[in-house]
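J.: coords please:
(chains A and B)
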Amino acid sequence: MKMAALCSEFGDLAQIKKQLISVISLCKERGLLHSAKWASELAFALDPLPKDELPPAPPFTEEDAQDLDALTLAKSYFDLKEYDRAAYFLKGCCSQKAYFLYMYSRYLSGEKKKDDETVDSLGPLEKGQVRNEALRELRVELSRKHCARELDGFTLYLYGVVLRKLDLLKEAVEVFVEAIQVLPLHWGAWLELSNLITNIEMLKSLSLPDCWIKDFFMAHMYTELQMIKEALQKYQNLIEAGFSKSTYIISQIAVAYHNIRDIDQALALFNQLREQDPYRIDNMDTFSNLLYVKSMKPELSYLAHNLVEIDKYRVETCCVIGNYYSLRSQHEKAALYFQRALKLNPRCLGAWTLMGHEYMEMKNTSAAIQAYRHAIEVNKRDYRAWYGLGQTYEILKMPFYCLYYYRKAHQLRPNDSRMLVALGESYEKLSQQVEAKKCYWRAYSVGDVEKMALLKLAKLHEQLNESDDAAQCYMLYIQDIFSCGEQLEHAEVSTALRYLGQYYFKNKLYDEASLCAQRCCDYNDAREEGKALLRQISQVRDQVETPSADLFAPLSNNTPVRRVSPLNLISFTP
Amino acid sequence: MASVHESLYFNPMMTNGVVHANVFGIKDWVSPYKISVLALLYEMSSSKITLPERRRLNKLILPLQQGPDLTLDQFLKTVEECCPQTAYAVKLRLHEMADGELKDMEYFFSTLPTPFTAFDSEAYKTSVVGLFMRHMLLAYNKLSFSQVYKLYKSLQHYYHSHFSKPGDSLPALAADDSDMDLTSTEDTVGDRADAPLLESELRSDNAPSRGPLSQKQAEYFLARQAYLLKNDENKALKPAALQEELNNMLKFNPDFAEAHYLNYLNSMRVQDIFLSAHSLLHYFDRLILSGNEGKSNGDEGYGRSLRYAALNLASLHCRFGHYQQADLALQEAIRIAQESNDHVCLQHCLSWLYTLEQMKGSESTVLTQDSVKMAAHFCLPYLGSLDIQSLVQQGAMQGKAAHKLMDALKDTEILHWKHSLSELIEISLAQTTSIWRMYGKSTMALQQAQLLLNMSSLEPVNFGVHQNNTEAFAVALCHLAELHAEQGLYNATSEIFQHLKDQFPPHTQHSKLWMLCDLKIQFERHMNNRKYHVAEPLVKAMSALNKTEGLYRKAIVLKALNRSTEAYSILQQLQAHCEKTKCTEIIIRVMLSTAELHWESSSFSTALPLLLQALALARQHHLQSLASETILHLAFTQLMLGIPEQALSVLHEAMEPLLAHGAVMDKGRAMLLAARCHMAVAGFRLKGRGPLDVHSAALAADSLNEAASYFSKLNCKERLRDVHYLQAQLYHSLGQTSQSNKSAMNFRLLDQELQSPAPPVFLQL
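T.: Residues are numbered from 1 along each chain as shown, chains lettered A, B, ... in the order given. Predicted coordinates:
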């Protein structure tokens, strides 16, 4: 359409707003509620238009006028979910709008019946056999019209949905692309397309119209494909272009930060989001995940109660409550709420995984495996489920067996240190030190979240009597711990200091050794050793005081580990 | 947005978060087919039927009750075979229901004899029929209003789909007698009832059913395909088609764990490590769940599948040659098994452990011996005798006394027959064949191979398939091919290979055996005909299949092409390698080849110690054919050293076994050598004429004739030319001009045909 050509740039926000307003009414007329919602949210974020600039109502054709009464009647039935009735009264209408609503009612009627059927099928055998009977007829009719090029953007979208439901994915992608090209402003078509794209190559190969909405789509796709950096860049551009007030973008950025584990950023954004849109339920499960990770009990409790007040029968609400119970270590209740979430929507990926975690906490490994497997069934690329399966088998003391799962998880998130550390630990248990070392080092290189990789690497080197490498790692570890500023519970700085002290002592670097020993005294568990080492040092110093100290100067310069000067420590001391 | 389109179903089978994987546990659901069976039972109990007909119907009941759903067509046809009258009555009753209203079906269920009241009829509550009826009634009564309506709809569909197009009813899978153990006790029953079904079964082979399968059908399909994969892969569905079927099945029922296992087997067929590992793990993830409920003794069922999961993973890696991975997985399995005191699993692990050690090429006799002891202790005959078999194999390689090995095999044989372990019987026969071949007793090997191939298997013949695609068969057939090739029966050999190709297509696991064997035979043929340029490319193919063999053949080709230095270095390298891996046969062959290299530099005396060493080694390992070969070399060396009398006496030693067991080629070579020795003894010189010892000369002439006959059998023209040349010379010396002229003419003809100069005066055997 012309709209697409007009608006390849963000320059004219007013133009975009106009388009949004017109597409909102189009979607509303056709009962496409979610697309209308999305567009409305976006339109709300833009400045209001002056009265005379409001877009004119779409042209009203003769056909439309003919169908007006039937359409109005059918639309009201449709809104009341009486789909068959709506379809009945729309039969024979010839306007595009009526035709879409007619087909869409039939589709939704089939879906609704399918859902009802599933509950009381004749037996478990039929469970998989229940299908939307209307799909095939719809496909036949739509494909006939498609060949005759009689479909508009909305009907093309519906045709795509039908194809996707019939598992004709390749055809579905083509039809969705066509639908987008005809009507780029319909967000639903983009979303459906995004579900069918599996990798970046496929994304690049599609020919999509050059419209401002494409940037939203690309950003969404990058998030889906875990290319977070690119996604954030895209969203940043969108904000700069004038969408700064859009709650949609804020929530997407927050989710993106969540995905790369930038918890603080994500939390800040979510808080901002809740201020702007206090009754929002979408994405709140992600928010609760963040609160959970940060162990922010009061905030999570507040969120949970707040959401229950808004709507307790929402998947997100159930997930938030589940997280809340999980944080309070009431895992049975948590599992119960995740189950409820799944009853509300069995394809809710997060809930399966979270339920798996709960069962893990309850030591019910078989149920956990089951839950994770379900999660994988819903989405093969769910790294958390693969990781969870790995953990389950690790708990069952099968380090080799869990390697496969960790590897899968790592494949999906190559730059996530947790998988690498888990892989390293498994390799260590299998006495495959070389592989373990590689994993730990890689985990450190990609940015270790839990700050454990270096410590483990150091201990591994220590075990293998590679004292230089071990010292080097401990050094890096100490720097790492102090540089991140906050106190970590499991931090084993004292272990590192103790080892370094001994190491320098052995290498006759007494100054460094005594420095380490002094620092050791700051920690309860290493105080005695620190003192002992100090005593030893002073003894040795007394003995060697007489020969000239210069003797040691060249020696100390030759020691292998001088890449980082030990004096650096001081600058990091808190 | 997407959530609008998602179905809102929840799983009624889910309790405590666990979906019971075995939703098939509940087997009795009313289906249109079940209604037909009920109608049949009703008719049988209510109407008068003659005794023979009733008897036939009675025999039919169980297969019908337990088999998978049939189409109405098949069902009625089956019943008609037994009693047309009843079939008609059943049809009528179904017609009444299907063409009537819902109340007709409800009425039908209410008129069914209640098993609790009918004391005297077949439908009494404890009878087979009664039980079935009770199940059905219960299931029917449980249905909700809409479900009843749905059932009625499907009954109508069932009935009308039969009568609207009676010509092409859907093929369905036929009754499966393997899971009807009740019927198998009375064998005569099945025969009659199944006869009409077999046809449809054959049809269904080619056109696997589309769409969802019922539980029984799915189970039957899986069982059948798994059986075929194990026993005769060619008859199973093609890998791609099977994969498609399985995907289809899993789409409709993702909880069907067994399908994942079949998927694993199928991926193994096409050597797809990723998919097979994935399916295997998926299967065990599912199994762990279902195992949980079955066992009453707490953790047992669950832990069990964990152990076997690790063990299976080990075998998977082993199969793909990832020995280190396999080792790790195996250790894991062993550890878990030890922790839970599962001796049977441990025993399995032990067997795998020594297999793995063997595959890695290290010493594992001690492990195997331990394994035998353990197996005996835990009364695991299968594993025990498998262990013994591999012990025997190791023993044979290490040159243990032959009678001990044969004794051990005989003992296991008793065990096999006692426990009907047909698979092991086959392995045992194949092993005996191999051992006899190794010892150089071709007749015995031939006999054992024939025994295996002609033996009828002990396994019950399911799905019309004999088990004949095991490694044992492949090995026996390969030996057979080689034995035929040795006797120059190349047509028979190629026939055997054709069979092997059909039976073990190139993508299958055991195909490498015959590929290597085929290449070896071709190589030998070309070498004998001195077509080195043709033999050379084969070497590459051989090294792909077996490195050692390839290297050895490469050395031989190089030697034949007079690139002695390269050949020598390869032989040295090979000898060092084989001494490490204790591959005696190759060591001896390498020594012989090295000796031949020494001949070429005319340093016959240096070859002697090498040959003696080879002879000692061959005798120590009872390798008769190799020993004879060594003796041939020895005699030749002595001949060249100018002590033909000595050579002759040595040669006599080898002559007898060679003539009895040797290949035609070896026989010919031996005769030729004998003739040359005799000629030397007779004082024959190539140039110049002297008085000849007439007796020796006559012997030489005889031997030459015999050699000529052997060589002509193989159509080995090169050697035939040599023989004719010698003959001509000999007759010439003896003054028999006509004979001499004849031989000379033969020589000339061959020489023209071959167009290549003869090698310098027989510097080779």
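
J.: Quick check: next helix or strand after the helix or strand B:D387 falls within?
T.: According to DSSP states H and E, B:D387 maps onto helix B:381-398. Per DSSP H and E, helix B:381-398 leads on to helix B:402-419 as the next helix or strand towards the C-terminus.

J.: elements contacting whichever helix or strand comes after that following helix?
T.: Of the helices and strands lying after helix B:402-419 in sequence (DSSP H and E), the nearest is helix B:422-439. Under the contact definition 3 or more Cβ pairs under 8 Å, 6 or more residues apart in numbering or on different chains; DSSP states H and E, helix B:422-439 sits against helix B:381-398, helix B:402-419, helix B:442-454, helix B:471-486. C-beta coordinates here come from the backbone N, C-alpha and C atoms, glycine included.

J.: The ones you listed: which one's closest to B:S740?
T.: Closest to B:S740 of those, according to Cβ to Cβ: helix B:471-486, at 33.3 Å.

J.: how about the closest one as PDB, C-alpha atoms only?
T.: The C-alpha trace of helix B:471-486 is given here as PDB (Å, rounded to 0.1, in the frame of the first residue of the first chain):
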ATOM      1  CA  GLU B 471      27.300 -60.300  12.200                       C
ATOM      2  CA  ALA B 472      27.700 -64.100  12.400                       C
ATOM      3  CA  PHE B 473      26.000 -64.600   9.100                       C
ATOM      4  CA  ALA B 474      28.100 -61.800   7.500                       C
ATOM      5  CA  VAL B 475      31.300 -63.400   8.800                       C
ATOM      6  CA  ALA B 476      30.400 -66.800   7.600                       C
ATOM      7  CA  LEU B 477      29.400 -65.600   4.200                       C
ATOM      8  CA  CYS B 478      32.600 -63.700   3.900                       C
ATOM      9  CA  HIS B 479      34.600 -66.700   4.700                       C
ATOM     10  CA  LEU B 480      32.600 -68.700   2.200                       C
ATOM     11  CA  ALA B 481      33.400 -66.100  -0.400                       C
ATOM     12  CA  GLU B 482      37.100 -66.200   0.300                       C
ATOM     13  CA  LEU B 483      37.100 -70.000   0.300                       C
ATOM     14  CA  HIS B 484      35.500 -70.100  -3.100                       C
ATOM     15  CA  ALA B 485      37.800 -67.500  -4.400                       C
ATOM     16  CA  GLU B 486      40.800 -69.500  -3.200                       C
END
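
J.: What are the contacting residues of the helix holding B:D387?
T.: Applying Cβ atoms under 8 Å, 6 or more residues apart in numbering or on different chains, the set of residues contacting helix B:381-398 from outside is B:347-348, B:351, B:354-355, B:358, B:364-365, B:368-369, B:371-372, B:375-376, B:404-405, B:408-409, B:411-412, B:415-416, B:418-419, B:421, B:424, B:427-428, B:431, B:434-435, B:438, B:582-584.

J.: Quick one: mean pLDDT for it?
T.: Taken as a whole, helix B:381-398 has a mean pLDDT of 83.

J.: Could you list the low-pLDDT ranges of the stretch 1-150 of chain B?
T.: In the predicted model, the stretch 1-150 of chain B carries pLDDT under 70 at residues B:1-28, B:66-68, B:115-123, B:125.

J.: Show me which residues of stretch B:271-282 are buried.
T.: B:272, B:276-282 (16 or more other Cβ atoms under 10 Å in any protein chain shown).

J.: out of the residues you listed, which touch chain A?
T.: Contacts with chain A within the buried residues of stretch B:271-282, counted by Cβ under 8 Å from any Cβ of the partner chain: B:277, B:281-282.

J.: now those residues as JSON lines including pLDDT and distance to B:R669?
T.: Below are these laid out as JSON lines (pLDDT from 0 to 100; distance: Cβ to Cβ, whole Å):
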{"residue": "B:A277", "pLDDT": "89", "distance to B:R669": "52"}
{"residue": "B:L281", "pLDDT": "87", "distance to B:R669": "57"}
{"residue": "B:H282", "pLDDT": "87", "distance to B:R669": "59"}
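
J.: Name the nearest of those residues relative to A:V173.
T.: The closest of these to A:V173 turns out to be B:H282 (Cβ to Cβ; 27.3 Å).

J.: where's that closest one, which helix or strand?
T.: Assigned by DSSP H and E, B:H282 belongs to helix B:273-294.
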